[in-house]
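>>> predicted model, plus sequence, below.
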Amino acid sequence: TDSIRINPSILAADFVNMQRDLARIAAADFVHVDVMDNHFVPNLTFGPQMVERIQATSPVPLDVHLMIDDPDRWAPGYAELGAASVTFHLEAAHEPVVLARRLRQIGARAGVAVKPATPVEQLFDVLDEFDQILVMTVEPGFGGQGFMAEQLPKLRRLADEARRRGSAVWLQVDGGIAESTIARAAEAGADTFVAGSAVFGAHDPDAAIAGLRLAAAQ
Ligand code: DX5
Ligand code: ZN
């Protein structure tokens, strides 16, 4: 929790102008890449072939968020193509700790995500196995949904536990993050913020990133 990171989600970018839109977020820390398989979530985006091109094109490192079944099978491939971080869902993983170790071994930051109804307490004893934990602040699947403020107590419990254990794990929030919500998430302990519509819905995405950074520090 040394600093604040803003990771724009390209789910809100123009999929046929991806290179143009990636060039508009040079002020980002990472680009958040949402992979959906139409099974774990009721929406479909793209797979490794597209992510490999994004990796080759992006001015900033990739933060891959896998909303897919059986990440044990698929997540290592995203680490192998060079993503800086690969986050899989706890609800979908068969052996989350084994998978996290594999991702680290390949050279990626290992991330685990929890949906709104999933408790975080089950992660407390294995915090050290992960480099980042993603607390979803919407039901995963779509951009542009409203921020679930009821997730903040869960985030705060996780942040307290991480502090208590002296953990360096990054705490990420994803869903409904905007200038009006980011300070509450930061105050509850988040240090890494995913924002889709708040960044790509703005006329100047890099200016929107700067605005989010300022608002998070309030
Ligand atoms: C939702 C995705 C998010 C999404 C966020 O399932 O995981 O990354 O792009 O979009 P906004 O910021 O518009 O809520
Ligand atoms: Zn996401």
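Right, received. Where do you want to start? Ligands and ions are numbered 1, 2, ... in the order given.

>>> which pLDDT value goes with the residue lying closest to Arg184 once chain neighbours are set aside?
Nearest residue to Arg184, sequence neighbours excluded (CB to CB, 6 or more residues apart in numbering): Leu152, at 6.3 Å. C-betas here are computed from N, CA, C, even on glycine. Looking at Leu152, its pLDDT is 98.

>>> so what touches the one helix or strand Met18 maps to?
Following DSSP states H and E, the helix or strand that holds Met18 is helix 18-23. The set of residues that contact helix 18-23 without belonging to it, under CB atoms under 8 Å, 6 or more residues apart in numbering, is Ile10, Ala13, Asp14, Val31, Arg53, Ile54, Thr57, Ser58, Pro59, Phe200, Pro205.

>>> ok and the residue in this protein nearest ligand 2?
With distances taken as CB to the ion, the chain approaches ligand 2 most closely at His65, which sits 3.8 Å away.

>>> what residues does the chain put near ligand 1?
If contact is defined as CB under 6 Å from any ligand atom, the residues of the chain in contact with ligand 1 are 9, 11-12, 32, 34, 65, 138, 140-145, 174-177, 194-198.

>>> double-check that Val64 belongs to a strand.
Yes - following the definition DSSP: H, G, I helix; E, B strand; the rest coil, Val64 is counted among the residues of a strand.

>>> tell me the contacts of whichever residue of the chain sits closest to ligand 1?
Of all residues in the chain, Gly196 sits closest to ligand 1, with a separation of 3.0 Å (CB to the nearest ligand atom). The neighbours of Gly196, taking CB under 8 Å, 6+ apart as the test, are Pro8, Ser9, Ile10, Leu11, Ala12, His32, Gly143, Gly144.
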